[in-house]
Structures are given as structure tokens and as C-alpha cells.
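K.L.:
Structure for the following, please:
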Amino acid sequence: MRSLLDRLNNPLHLLIALASTWLVASSPWIGMYHAVPDDPGAVNLSHVVVGLGVVPLAAVYFAACTVGGRWRLYFPWAAGQFGDIGRDLAGIGKGQRPGSEGGGLFAAVEGLLLLALLATAITGALWFLGRGTESAILWRGHHIVAARALIGLMLLHVLAVSLHFVDLVRD
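P.N.:
Model prediction:
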């Protein structure tokens, strides 16, 4: 099972990145509140279809990133390991870039991004499942908060990857 998840990791990352980018880009034009409109239009319909497609992808990707003790890489704080994160934060204060190796600030950002992806996917699915009810409005609010966290963490992730590329070019 682990070898299958290892093989799926990179394609899933790419697929989720592309789908998430589309979902974020299309979100300002979403015309849904408590239900999908009778005539949803291309943007609403694609947002729902792509969003629901991300739910299982996010679950499998989360598993691929965390099986076999790998969760410690993305969630070092959950294992009580704050040292590398603290060193990276202190280094930023001294003008140093955080390292790209596991267990530090960049890995923690990736872990939080994984959680935000799952939260956004799940709350979006619950919003869809509750369509036409009061719970849809509740899940919509949670979905918006999760999506905003996802956007912020995506930007931090892109920044971290860019800084990692700078390190690769320098070496």
C-alpha cells in the first residue's frame, strides 16, 4: 500500500495544485448561497464538480503524505518537536532563510496546508450535501474560512518552494 501511495504522491500533488488553483480563481464568481442555482452556469457547475472531485484526492494525498510515520515531517508540533521550527523562526529574525529539510517551518506550513485542504474539501462537500437547508449556510461560512486559510497557506507554500529553488540554484 505504501509503495502505491508513494507512486501517487507527485501526480496527486500536481492534480490537487491545479484543481485548487482553479477553485480559488473561480471562487469570486460563485453565485451560490444555500443551494446550487437551477441554472448554475459554467463557473458554478465547474466549481462544484471540481470541488467534489478534490475530496477523495485530498484524502488519498493526506494518506500518502502521512503514512508510515511521515506525519512527523508535516506535523512536528503534534509530536512535541518545536526545536526546528523555533530555529527557523529565530533564523528569519536574523535574515536567514529557513531550511527546506523536514521538521522545520516549511514542513509545518506544508502540514497546515494539508489540513486546510482537507477542511476546505470537507466543508465544501458538506455545504453541497446540505443544499437548500439552514445547515448549508453554516457550512458555507466554514468553507469560506477554510478556503481563506488554504489561500494564505498556498501562498506561503509557493514562497517556500521558491526559496528552496533559490537554495538549489546557489548550490
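K.L.:
Spatially central, which residue of the protein would that be?
P.N.:
For the chain, the residue whose C-alpha lies nearest the mean C-alpha position (C-alpha atoms, centre = their mean) is Leu117; its distance is 3.2 Å.
K.L.:
could you point out which element follows the lowest-mean-pLDDT helix or strand in the chain?
P.N.:
Of all helical and strand segments in the chain, the minimum by mean pLDDT, DSSP states H and E falls on helix 83-93, at a mean of 83. Under the assignment DSSP states H and E, the closest C-terminal helix or strand after helix 83-93 is helix 105-129.
K.L.:
Show me which residues of that next one are buried.
P.N.:
Of the residues in helix 105-129, those with enough neighbours to count as buried (16 or more other C-beta atoms under 10 Å) are 105-128. (Each C-beta comes from the backbone N, C-alpha and C, glycine too.)
K.L.:
hmm, back to that, tilt between the least confident helix or strand of the chain and helix 105-129?
P.N.:
In this structure, helix 83-93 runs at an angle of 110 degrees to helix 105-129, with axes from the mean of the first three to the mean of the last three C-alpha atoms, to 10 degrees as the basis.
K.L.:
Could you check how far helix 83-93 is from the centre of its chain?
P.N.:
Relative to the centre of its chain, helix 83-93 is centred 23 Å away, using C-alpha atoms, centre = their mean, to the nearest Å.
K.L.:
ditto for stretch 42-50
P.N.:
With C-alpha atoms, centre = their mean as the basis, the mean position of stretch 42-50 lies at 19 Å from the chain mean.
K.L.:
buried set for that stretch?
P.N.:
With burial defined by 16+ other C-beta under 10 Å, the residues of stretch 42-50 counted as buried are Asn44, His47, Val48.
K.L.:
and of the residues you listed, the nearest to Gly83?
P.N.:
His47 (41.3 Å; C-beta to C-beta).
K.L.:
Which strands or helices does the helix or strand that that closest one is a member of pack on?
P.N.:
Under the assignment given by DSSP H and E, the secondary-structure element containing His47 is helix 41-66. If you count contacts as 3 or more C-beta pairs under 8 Å, 6 or more residues apart in numbering; DSSP states H and E, helix 41-66 packs onto helix 2-26, helix 71-74, helix 105-129.
K.L.:
Using a markdown table, lay out those helices together with mean pLDDT and distance to Gly93.
P.N.:
As requested, the helices and strands packed on helix 41-66 are arranged in a markdown table below (pLDDT from 0 to 100; distance: least, C-beta to C-beta, whole Å):
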| stretch | mean pLDDT | distance to Gly93 |
| --- | --- | --- |
| helix 2-26 | 89 | 30 |
| helix 71-74 | 86 | 24 |
| helix 105-129 | 94 | 12 |
